[in-house]
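Visitor: below are the sequence and a predicted model for it; my questions follow.
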Amino acid sequence: MKKYEEWMNGKIYLCPEEEPRFVQGRAERKDLIFDFNNTKPSKLNFDLIRPIFASVGKNAYIEPPFHANCGGMFTHIGDDFYANFGLILVDDGPIYIGNNVLFGPNVMITTTGHPVEPTLRKKLYQYSEPVTIKDNVWIGGDVVILPGVTIGENSVIGAHSTVSKDIPANCIAMGNPCKVIREIEEKDKEFYFRDKRFPEDIAKEIE
């Protein structure tokens, strides 16, 4: 029990494989992920996703295939979540995903790392820190999100970025390491891509 509590509280640990609830829960959920990834497209639905994760809101959907180190047992997903194919969750620690979050293809979230010191790394010591993605965030394709990161509401993370530090709300960030490029502005209500303006009928839907 002590190892499990340390594992969930950000302390360095050896993965507690002997913890029964971890071993059984991970195995059951990995079986569910296998079944999901091998389901015919015509049979895929929201009900197949719900039992995989710690909690799931309404209208969540993930394109197969996806993979989760602990089978999604520590991952919480909000309403109207969509992930394109190739999602990878290194979910030894908690992952919190808000409402109306979009993931491009091949996004990886990792809550876990190893010490730089080689002796302890050789013995497979590790640590886990939660990752939090707030409401209305769009994560571009091939983004990597590292342990302990929080991404604020409404922000956009550009493709191929590596997010190693917190990103504030209402901004566009990109790069390796990921950095804020600019805030989301009024002009973003006028243009949807480069110099392309929203058609009038769609512009009326902007709040």
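Guide: Perfect, I can see it now.

Visitor: what about the longest helix in the chain?
Guide: helix 20-37 (DSSP state H).

Visitor: which strands or helices does that one pack on?
Guide: Of the remaining helices and strands, those touching helix 20-37 by 3 or more Cβ pairs under 8 Å, 6 or more residues apart in numbering; DSSP states H and E are helix 46-49, strand 67-68. C-beta here means a position set from N, CA and C on the backbone, and glycine is covered the same way.

Visitor: doesn't Met174 make contact with Ser161?
Guide: Yes - contact criterion Cβ atoms under 8 Å: Ser161 and Met174 qualify, at 4.9 Å.

Visitor: residues shared between the contacts of the two?
Guide: Gly140 (Cβ atoms under 8 Å, 6 or more residues apart in numbering).

Visitor: which one's more surrounded, the two?
Guide: Using other Cβ atoms under 10 Å, the more surrounded residue of Ser161 and Met174 is Ser161, with 22 against 18.

Visitor: spatially central residue in this protein, please.
Guide: Among the residues of the chain, the one closest to the centroid is Ile109, at 4.8 Å (Cα atoms, centre = their mean).

Visitor: that one and Arg50, how far apart?
Guide: 19 Å (Cβ to Cβ, to the nearest Å).

Visitor: ok, Ile145 next?
Guide: 23 Å.

Visitor: which one of the two has more residues nearby?
Guide: It is Ile145, of Ile145 and Arg50, that has more neighbours when counted by other Cβ under 10 Å, with 26 against 15.

Visitor: follow-up on the earlier one: ok, and which of the helices and strands packed on helix 20-37 has the densest surroundings?
Guide: strand 67-68 (a mean of 20; mean count of other Cβ atoms under 10 Å).

Visitor: and the helices in the chain?
Guide: Using DSSP H, the helices found in the chain span residues 2-8, 20-37, 46-49, 118-122, 200-203.

Visitor: between the ones you listed, which gets the lowest average pLDDT?
Guide: Sorting the helices of the chain by mean pLDDT places helix 2-8 lowest, at a mean of 61.

Visitor: where does the prediction get shaky in the chain?
Guide: 1-9, 15-21 (pLDDT under 70).

Visitor: Ser164 contacts Val143, doesn't it?
Guide: No - using Cβ under 8 Å, Ser164 makes no contact with Val143, being 11.6 Å away.

Visitor: neighbour-wise, which of the two wins?
Guide: Applying other Cβ under 10 Å to Ser164 and Val143 shows that Val143 carries more neighbours, namely 24 against 14.

Visitor: contacts only, for that one.
Guide: 104, 107-108, 157-163.

Visitor: give me the buried subset of those residues.
Guide: 104, 107-108, 157-158, 161-163 (16 or more other Cβ atoms under 10 Å).

Visitor: so for Lys30, which of the helices and strands packed on helix 20-37 sits nearest?
Guide: With Cβ to Cβ as the criterion, Lys30 lies closest to strand 67-68 of the helices and strands packed on helix 20-37, at 7.6 Å.

Visitor: ok, the closest one: who's next to it in the sheet?
Guide: According to DSSP bridges, strand 67-68 forms sheet pairs with strand 88-90 (parallel).

Visitor: in the partner strand, which residues are buried?
Guide: Neighbour-count burial for strand 88-90 [16+ other Cβ under 10 Å]: 88-90.
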